[in-house]
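Peer 1: Return a 3D structure for these sequence lines:
(4 chains)
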There are 2 protein chains.
Amino acid sequence: MPHKLIRKLEHFTRLAPDDRAALDALAQHRQRVYRARETIINEGDKPEVINLFLDGWACRYKDLENGKRQIMSIFVPGDICDLNIFILKYMDHSIAALTPVTVLEISRDAFERAIARCPRVMQALWWDTLVTVAVQREWTMNVGQRDARERISHLICELYTRLDCVGLVTDSACLFPLTQSELGEATGLTPVSVNRVLQDLRRSNLIQLHDSRLRILDLPGLQQAAMFNPNYLHLDQEGSHLAANA
Amino acid sequence: MPHKLIRKLEHFTRLAPDDRAALDALAQHRQRVYRARETIINEGDKPEVINLFLDGWACRYKDLENGKRQIMSIFVPGDICDLNIFILKYMDHSIAALTPVTVLEISRDAFERAIARCPRVMQALWWDTLVTVAVQREWTMNVGQRDARERISHLICELYTRLDCVGLVTDSACLFPLTQSELGEATGLTPVSVNRVLQDLRRSNLIQLHDSRLRILDLPGLQQAAMFNPNYLHLDQEGSHLAANA
DNA sequence: CGTCCCCTTGAATGAAGTCAATACGCGTGG
DNA sequence: CCACGCGTATTGACTTCATTCAAGGGGACG
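Peer 2: Numbering: from 1, shown residues only, chains lettered A, B, ... in the order given. Okay, here's the model as predicted:
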């Protein structure tokens, strides 16, 4: 059932039937559904489980004293948040559903059992962790060095690529349920600026975006506008030498 | 010899003599010295070792097509960069010395041997990894939501706290070898803006900063100016229940 | 002694923010 | 069924914070 995760991990290495079985075993665990905007875990709470997102979009965010909110990560299906998070006593940020969301709650024990006898799974999950950090660095870069148009384009490129990885892109189109406010919170822009940039991207015939549907009309053009280089997602089967049937 | 790392890890958990021995064993490995500004590893290179910073400051950075550069992390003594980095085939960013730097190059094997029989060390290093990611998220927040004065203050607060953790603060003062350009590259500001903010912080009697020496005159005041909350550094012995002598 | 890097300062410019008004779709309840 | 409220999107006018441009000073080093 967590086959979106499997699908994603196979961008890194090929998994043996055993490995897949170990990952599937995780799916035995408690599944939980959240409504749009519902909190999944709050800053200050004690983390107890590893959340694996099966369906829907969610985000990591933090509120500032001055009322602003920064969205620091977006979770799409197949994403897993913080292996071993229970090492920490308190969450330093919150996680909330952006759309209705289904997650798998993996306990520490189940997780440890799953990876204990599958070194390839362990490595693949390490890869996923390293990619998550690389994404976070790229977000720092995005808000630090790019202007409004580049930021929004870059975020769109990244999410589009990540969705493609787990099979959620069809015909250059995908679901894209972020509001303009949320796009702003993720990129450090105001909703008004986001709106203006989106108008511009539409006028430039790079994207279509309405009713939570995104279609990329000119991927190379959009990537260029974003200075997007997918390197940091490390998707090119870099771990294939570790693969089951290599 | 990597006792700055040990010192840092003990903010999370208490280590047994065995654990310390395992960490000390790492120090047997190749030590390497870089000059200020020298590249330690370049974007595109294959990562071969885990670098543990013993002395001096370094940074992670990425160059953009448009000539700008974002510093995405700062390394101070006791910091370790990316456990298991060799899972990736290519570096997606570069690392360079900011000052003369001494690093320990830990091989994959040595690393695996060190943690194999010391679960506490493993957990402590995992904690360190989670903190590193939390710091990266905070940087995203910093450039995304704070104004110039807040950003610079925040970065100063963070580095001051991290240096304090490894015993590099004496009498509210520490080495602080970043140039104003580098501060700008880390915060998404121009050197001119950085200069103006620093003037302002000095006039407000919050800090002294000259000749690469920083003194904090009013820590609560600076933290308030920065909206700094050290939560995300997870320094309060959160893992003491796992400790050797708990 | 000259060069280079870093820091400093002032004045002009510009990108994004703020403020405000309007429009649109959707669900709820009268 | 329609009215209303609410959240989201759009647009225009004005403001502001940071950037850009430019010039000058000081210290380190060859």
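Peer 1: Now that A:Met141 has come up, it's in contact with B:Tyr61, right?
Peer 2: No: contact criterion Cβ atoms under 8 Å: A:Met141 and B:Tyr61 do not qualify, at 9.3 Å. All C-beta atoms are positioned from the backbone trio N, CA, C, and that covers glycine.
Peer 1: The two - which one has more neighbours?
Peer 2: Ranked by neighbour count (other Cβ atoms under 10 Å in any protein chain shown), A:Met141 and B:Tyr61 place A:Met141 first, with 27 against 22.
Peer 1: Same question for the helix or strand where the more buried one lies: list its buried residues.
Peer 2: For A:Met141, the element it lies in under DSSP states H and E is helix A:119-145. Neighbour-count burial for helix A:119-145, counted by 16 or more other Cβ atoms under 10 Å in any protein chain shown, picks out A:120-145.
Peer 1: So what's the model's average confidence on it?
Peer 2: Averaged across helix A:119-145, the pLDDT comes to 96.
Peer 1: quick check, that helix touching DNA strand C?
Peer 2: No: Helix A:119-145 lies out of reach of DNA strand C by Cβ under 7 Å from any atom of the strand, never closer than 9.9 Å.
Peer 1: which residues touch A:Ala25?
Peer 2: A:Ala110, A:Arg113, A:Ala114 (Cβ atoms under 8 Å, 6 or more residues apart in numbering or on different chains).
Peer 1: Among those residues, which are located in strands?
Peer 2: Per DSSP state E, strands hold no members of the contacts of A:Ala25.
Peer 1: Which of those residues fall within helices?
Peer 2: Of the positions in the contacts of A:Ala25, A:Ala110, A:Arg113, A:Ala114 sit in helices, assigned by DSSP state H.
Peer 1: chain center to the helix or strand of chain A at the bottom of the mean pLDDT ranking: distance?
Peer 2: Lowest by mean pLDDT, DSSP states H and E among the helices and strands of chain A is helix A:108-116, with a mean of 87. Centroid separation between helix A:108-116 and its chain, computed with Cα atoms, centre = their mean, to the nearest Å, is 22 Å.
Peer 1: Please apply the same query to stretch A:151-171.
Peer 2: How far stretch A:151-171 lies from its chain's middle: 10 Å, per Cα atoms, centre = their mean.
Peer 1: likewise stretch A:164-183?
Peer 2: Relative to its chain's centre, stretch A:164-183 lies at 11 Å (Cα atoms, centre = their mean).
Peer 1: for stretch A:89-105, same thing?
Peer 2: Centroid separation for stretch A:89-105 versus its chain: 12 Å, with Cα atoms, centre = their mean.
Peer 1: can you tell me the distance between the two ends of it?
Peer 2: For stretch A:89-105, the first-to-last residue distance is 18 Å (Cα to Cα, to the nearest Å).
Peer 1: Mind pulling up the pLDDT for A:Met72?
Peer 2: On pLDDT, A:Met72 comes in at 98.
Peer 1: Equivalent analysis for the one 3 residues further on, please.
Peer 2: Turning to A:Phe75, the model gives it a pLDDT of 98.
Peer 1: Quick check: it vs A:Leu159, distance?
Peer 2: A:Phe75 sits 11 Å away from A:Leu159 when distances are taken as Cβ to Cβ, to the nearest Å.
Peer 1: beta partners of the residue nearest the centre of chain A?
Peer 2: In chain A, the C-alpha closest to the average C-alpha coordinate belongs to A:Phe75, at a distance of 3.5 Å (Cα atoms, centre = their mean). For A:Phe75, the beta-bridge assignment (DSSP bridges) gives partners A:Ala58.
Peer 1: which residues does it contact?
Peer 2: Listed by Cβ under 8 Å, 6+ apart, the contact set of A:Phe75 reads A:Phe53, A:Trp57, A:Ala58, A:Cys59, A:Arg60, A:Cys81, A:Ile95.
Peer 1: Tell me, domain by domain, which residues of chain A belong where.
Peer 2: What automatic domain parsing lists as the domains of chain A is A:3-136, A:146-233.
Peer 1: rank those domains by mean pLDDT and give me the bottom one.
Peer 2: Across the domains of chain A, domain A:3-136 has the smallest mean pLDDT, namely a mean of 93.
Peer 1: how far does that domain stretch from start to finish?
Peer 2: First residue to last in domain A:3-136 (Cα to Cα) measures 24 Å.
Peer 1: Over to stretch A:64-73?
Peer 2: 16 Å.
Peer 1: Return the residues of chain A in contact with DNA strand C.
Peer 2: Listed as neighbours of DNA strand C in chain A under the rule Cβ under 7 Å from any atom of the strand: A:Asp147, A:Ala148, A:Arg149, A:Gly188, A:Leu189, A:Thr190, A:Val192, A:Ser193.
Peer 1: Most neighbours among these, which one?
Peer 2: Neighbour counts for those peak at A:Gly188, which has 25 neighbours (criterion: other Cβ under 10 Å).
Peer 1: ok, for that residue, nearest residue in space, not its chain neighbours?
Peer 2: Excluding the flanking residues, the one nearest A:Gly188 by Cβ to Cβ, 6 or more residues apart in numbering or on different chains is B:Gly144, at 3.4 Å.
Peer 1: doesn't A:Leu64 make contact with the one you found?
Peer 2: No: counting by Cβ under 8 Å, A:Leu64 is not a contact partner of B:Gly144; they are 9.9 Å apart.
Peer 1: Next, show the common contact partners of these two.
Peer 2: Here B:Gly144 and A:Leu64 share the contacting residues A:Gln70, scored by Cβ under 8 Å, 6+ apart.
Peer 1: Nearest to DNA strand D, out of the domains of chain A?
Peer 2: With Cβ to the nearest atom of the strand, the closest approach to DNA strand D among the domains of chain A belongs to domain A:146-233: 3.3 Å.
Peer 1: Could you confirm whether the closest one reaches DNA strand D?
Peer 2: Yes: applying Cβ under 7 Å from any atom of the strand, one finds domain A:146-233 in contact with DNA strand D at A:Thr179, A:Gln180, A:Ser181, A:Pro191, A:Val192, A:Asn195, A:Arg196, A:Leu198, A:Gln199, A:His210.
Peer 1: how about A:Gln208, secondary structure?
Peer 2: Per DSSP: H, G, I helix; E, B strand; the rest coil, the secondary structure class of A:Gln208 is strand.
Peer 1: Convert the C-alpha atoms of stretch A:222-231 to CSV, please.
Peer 2: Presented in CSV, the C-alpha positions along stretch A:222-231 are these (Å, rounded to 0.1, in the frame of the first residue of the first chain):
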residue,chain,number,x,y,z
LEU,A,222,9.5,27.2,-16.8
GLN,A,223,12.8,25.6,-15.6
GLN,A,224,14.7,28.4,-17.2
ALA,A,225,12.6,31.0,-15.6
ALA,A,226,13.2,29.3,-12.2
MET,A,227,16.8,28.5,-12.7
PHE,A,228,15.7,25.0,-11.8
ASN,A,229,18.2,22.2,-11.8
PRO,A,230,16.9,18.9,-10.6
ASN,A,231,20.3,17.7,-9.4
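Peer 1: which parts of that stretch are buried?
Peer 2: For stretch A:222-231, burial by neighbour count (16+ other Cβ under 10 Å) applies to A:Leu222, A:Gln223, A:Ala225, A:Ala226, A:Met227, A:Phe228, A:Asn231.
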